[in-house]
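K.L.:
Provide a 3D model corresponding to the input given below.
(chains A, B, C and D)
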Protein chains: 2
Amino acid sequence: MSQTVDRALSILPLLAEGPADLGQVADRLGVHKSTALRLLRTLHEHGLVYRQSDQRYRLGARLFALAQEAVENLDIREIAHPHLVRLNEECGHTVHLAVHEENEVLYIDKVESRYPVRMYSRIGKPVAITVAAVAKLLLADLPEAERRALADKLDYPLYTPRSTPNAAAFLKELERVREQGWATDLGGHEESINCVGAPVRGTDGRVVAAMSVSAPNVVVTGDELLTLLPLVRRTAEAISREYSGRSPVKDPV
Amino acid sequence: MSQTVDRALSILPLLAEGPADLGQVADRLGVHKSTALRLLRTLHEHGLVYRQSDQRYRLGARLFALAQEAVENLDIREIAHPHLVRLNEECGHTVHLAVHEENEVLYIDKVESRYPVRMYSRIGKPVAITVAAVAKLLLADLPEAERRALADKLDYPLYTPRSTPNAAAFLKELERVREQGWATDLGGHEESINCVGAPVRGTDGRVVAAMSVSAPNVVVTGDELLTLLPLVRRTAEAISREYSGRSPVKDPV
DNA sequence: ATGGCCGTTGCAGATATCGCAATACGCCTG
DNA sequence: CAGGCGTATTGCGATATCTGCAACGGCCAT
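P.N.:
Modelled structure (predicted):
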């Protein structure tokens, strides 16, 4: 770990609180003014800090550009996977992670009992969008207009008697999911399979992914599965925190 | 200027191109692997880089969080936002707010039809500096020497046949914008999109920000959009007044 | 004018950083 | 299962780099 770089980087969260002048930065860093000056200059040359007209420093524009590119490379799956594995170890059931893309909802990760392995054969396949818990979570977060438009376009196949029958029912269900912050699929896709899921949110609060736990009701009934809800929600929230940068480092040796 | 910090920060744009492993980073930095390792570790501890499961490095989510806090600290945005929303309600089109920083022009706020939401996906992204109405407004206010120097440094990509073709044309356009006090972009960036914008000025009369209204010409033609000019200018002036503390509406303390 | 405040610079000493080489680890091959 | 290869990691000494100091210069308010 480099001391100089460490100090320089510590300036960034400091400036995130608001603009500061040289003296303030030096004080809060606990270094001499000349030292702070040189660090700020280097940050400035890289565009990470900007010097406003009153000579105070604040975070710079390059930060935006980098963040932009960072987000494009951000793979939720990488971050979520360990959490999914842990959840699987705790409850023993199949765990899914899904995202919404182009009017489809796709699984992007899956952890199955005994098999902490990426089942690519299944991953990437569109889910039953009108009934799956993860689909409800992802679509419930859309603006109302889009939700409406999408609901109209969809087909509502009756996989089982419990499948969502039509657009009206679907929209109503989405509204409920939106308000309660979690979703279920109780035998809506396969008669004997129940799911309970929770949303993963980004910094802006929007739902970026959804996860769920699935189990056949020969193992646990729907009601029993619901007792896992707190655990599922905690896991989803942990992923959200890490994804949005709220927990920068978890285990620094 | 600090060599160590300089090297560390050089890693960020490098990783913005995509994930890289230790060796690649060391090579591109021109330093020994152990050096690169220590720099990367420091960046990692601050959350600026993330280590994915294949041990390669990638930009981290903390960058996103920092950029977000940075944009929230811009007081122009605070002041302007309600005005932008009102303008959006009145005309129905997309409204942008942008500032100039370090040879770049960036959007710092955006209000979209029905959607008074911060689109961070777009906010923070540098604008097409040679054609956007807001860019013309901000650059037109620079001292002539700076304007000239900047115009020479820029590239002039031909997004469309109407894009500004070269430095000479750009300077001429800036001169006109400077005199008339407003600017347009008629299909210079995207063939079917027109914009009309006006400057926001501080106490000393200098342009501190610029705003614009954009609409596809399938909705309104360029001429029709121009009829909104008085409204846009009035809004910009209202923001200017409030920003420079001469707001007739409400006076703080 | 003049004193105080803040940012900036040159310098010599201190120390953190660098590259090297050796080690450890994971992965694939035979 | 052994062996080999590529990569990440660690300890260490030489030295380039960073640091704090003190002096300078500009700016503002008294």
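K.L.:
ok, A:Glu69 - contacts?
P.N.:
The neighbours of A:Glu69, taking Cβ atoms under 8 Å, 6 or more residues apart in numbering or on different chains as the test, are B:Ala16, B:Leu59. To be clear about C-beta, it is placed using only N, CA and C from the backbone, and glycine gets the same treatment.
K.L.:
for A:Cys91, same thing?
P.N.:
Counted by Cβ under 8 Å, 6+ apart, A:Cys91 has contacts A:Val213, A:Leu228, A:Leu231.
K.L.:
hmm, 6 Å instead?
P.N.:
Contact partners of A:Cys91, counting by Cβ atoms under 6 Å, 6 or more residues apart in numbering or on different chains, are A:Leu228.
K.L.:
per-residue pLDDT of it, please?
P.N.:
Listed pLDDT for A:Cys91 reads 90.
K.L.:
against DNA strand D, how distant is it?
P.N.:
Note on A:Cys91: its distance to DNA strand D, by Cβ to the nearest atom of the strand, to the nearest Å, is 31 Å.
K.L.:
now do A:Ala36
P.N.:
8 Å.
K.L.:
likewise for A:Gly205?
P.N.:
From A:Gly205 to DNA strand D the distance is 34 Å (Cβ to the nearest atom of the strand).
K.L.:
can you tell me the SS state at that residue?
P.N.:
coil (DSSP: H, G, I helix; E, B strand; the rest coil).
K.L.:
swap in A:Ala210?
P.N.:
Assigned by three-state DSSP, the conformation of A:Ala210 is strand.
K.L.:
contact residues of chain A facing chain B?
P.N.:
Along chain A, the residues adjacent to chain B under the rule Cβ under 6 Å from any Cβ of the partner chain are A:1-2, A:4-6, A:8-9, A:12, A:16, A:18, A:38, A:41-42, A:46-47, A:50, A:59, A:61, A:63-64, A:66-71, A:73, A:78, A:203-204, A:245, A:248-249, A:252.
K.L.:
tally of neighbours for the residue of the stretch 51-200 of chain A found nearest chain B?
P.N.:
At 3.1 Å from chain B, A:Phe64 is the closest residue in the stretch 51-200 of chain A, using Cβ to the nearest Cβ. A:Phe64 has 28 neighbours, counted by other Cβ atoms under 10 Å in any protein chain shown.
K.L.:
please identify the helix or strand for it.
P.N.:
helix A:62-73 (DSSP states H and E).
K.L.:
got the CA positions of that helix in PDB?
P.N.:
Provided in PDB are the C-alpha atoms of helix A:62-73 (Å, rounded to 0.1, in the frame of the first residue of the first chain):
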ATOM      1  CA  ARG A  62     -13.000  13.400 -15.400                       C
ATOM      2  CA  LEU A  63     -14.600  11.600 -12.500                       C
ATOM      3  CA  PHE A  64     -17.900  11.700 -14.300                       C
ATOM      4  CA  ALA A  65     -16.300  10.200 -17.500                       C
ATOM      5  CA  LEU A  66     -14.600   7.500 -15.500                       C
ATOM      6  CA  ALA A  67     -17.800   6.600 -13.600                       C
ATOM      7  CA  GLN A  68     -19.600   6.400 -16.900                       C
ATOM      8  CA  GLU A  69     -17.200   3.900 -18.200                       C
ATOM      9  CA  ALA A  70     -17.000   2.100 -14.900                       C
ATOM     10  CA  VAL A  71     -20.700   1.500 -14.800                       C
ATOM     11  CA  GLU A  72     -20.600   0.100 -18.300                       C
ATOM     12  CA  ASN A  73     -18.000  -2.500 -17.200                       C
END
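K.L.:
buried sites along it?
P.N.:
For helix A:62-73, a neighbour-count test (16 or more other Cβ atoms under 10 Å in any protein chain shown) marks A:Arg62, A:Leu63, A:Phe64, A:Ala65, A:Leu66, A:Ala67, A:Gln68, A:Glu69, A:Ala70, A:Val71, A:Asn73 as buried.
K.L.:
how about those residues in TSV, adding distance to B:Asp155?
P.N.:
As requested, these are exported to TSV (distance: Cβ to Cβ, whole Å):
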residue	distance to B:Asp155
A:Arg62	18
A:Leu63	23
A:Phe64	20
A:Ala65	16
A:Leu66	21
A:Ala67	23
A:Gln68	19
A:Glu69	19
A:Ala70	24
A:Val71	25
A:Asn73	25
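K.L.:
closest to DNA strand C out of the residues you listed?
P.N.:
A:Arg62 (19.4 Å; Cβ to the nearest atom of the strand).
K.L.:
I figured the residue of the stretch 51-200 of chain A closest to chain B hits B:Gln68, correct?
P.N.:
No. Counting by Cβ atoms under 6 Å, A:Phe64 stays clear of B:Gln68, with 9.5 Å between them.
K.L.:
give me the domain ranges for chain A.
P.N.:
Split into domains by automatic domain parsing, chain A comes to A:3-70, A:74-243.
K.L.:
nearest to B:Ser163, of the ones you listed?
P.N.:
With Cβ to Cβ as the criterion, B:Ser163 lies closest to domain A:3-70 of the domains of chain A, at 21.6 Å.
K.L.:
worst average pLDDT in the domains of chain A?
P.N.:
Among the domains of chain A, domain A:74-243 carries the lowest mean pLDDT (a mean of 86).
K.L.:
quick check, that one touching DNA strand C?
P.N.:
No. Domain A:74-243 lies apart from DNA strand C when judged by Cβ under 7 Å from any atom of the strand; the minimum separation is 13.7 Å.
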